[in-house]
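Engineer: mind looking at a prediction? Sequence and model below.
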Amino acid sequence: MGFIMEFAENLILRLMEDPMERDRKFREHVYATKERTKKTLEMWSYPIRPYGFWTFDRHNAQLFWDPQISQAPGRRDPYDDLLNDGSSSS
């Protein structure tokens, strides 16, 4: 009977994970995640495009060329309305 108990105890102990090993792996995982997070936050702080990139003509060309977009409220030049009203009343 003692042999069976010793065998069962040895089997159970082999199946259980070592708490020190588990803590070491978890600590390594946390430190690696923290380093990746630091690198990601640093990359997010960099500007993606240089200053004034979206004001280039090639980005606004469709807004100027497409009459449905260019004459939308808020994009239409308010002075165009005055010029049109002034020329039609003369």
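Structural biologist: Perfect, I can see it now. Just so it is clear, the model here is predicted, and its values are computed rather than measured.
Engineer: low-confidence ranges in the protein?
Structural biologist: Flagging of the chain using pLDDT under 70 yields the residue ranges 54, 63-64, 86-90.
Engineer: in it, which spans are helices?
Structural biologist: Using DSSP state H, the helices of the chain run over 2-15, 19-45, 57-65, 67-70, 78-89.
Engineer: can I get these in JSON lines with distance to residue 51 and mean neighbour count?
Structural biologist: All C-beta spots, glycine's among them, are computed from the backbone N, C-alpha and C. Shown next, in JSON lines, are those (distance: least, C-beta to C-beta, whole Å; neighbours: other C-beta atoms under 10 Å):
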{"stretch": "helix 2-15", "distance to residue 51": "61", "mean neighbour count": "9"}
{"stretch": "helix 19-45", "distance to residue 51": "15", "mean neighbour count": "10"}
{"stretch": "helix 57-65", "distance to residue 51": "14", "mean neighbour count": "10"}
{"stretch": "helix 67-70", "distance to residue 51": "25", "mean neighbour count": "10"}
{"stretch": "helix 78-89", "distance to residue 51": "28", "mean neighbour count": "9"}
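Engineer: the most centrally placed residue in the chain and residue 37, how far apart?
Structural biologist: For the chain, the residue nearest the mean C-alpha position is residue 44 (7.9 Å; C-alpha atoms, centre = their mean). Relative to residue 37, residue 44 is positioned 10 Å away (C-beta to C-beta, to the nearest Å).
Engineer: ok, residue 49 next?
Structural biologist: Residue 49 is 24 Å from residue 37, by C-beta to C-beta.
Engineer: all set, thanks.
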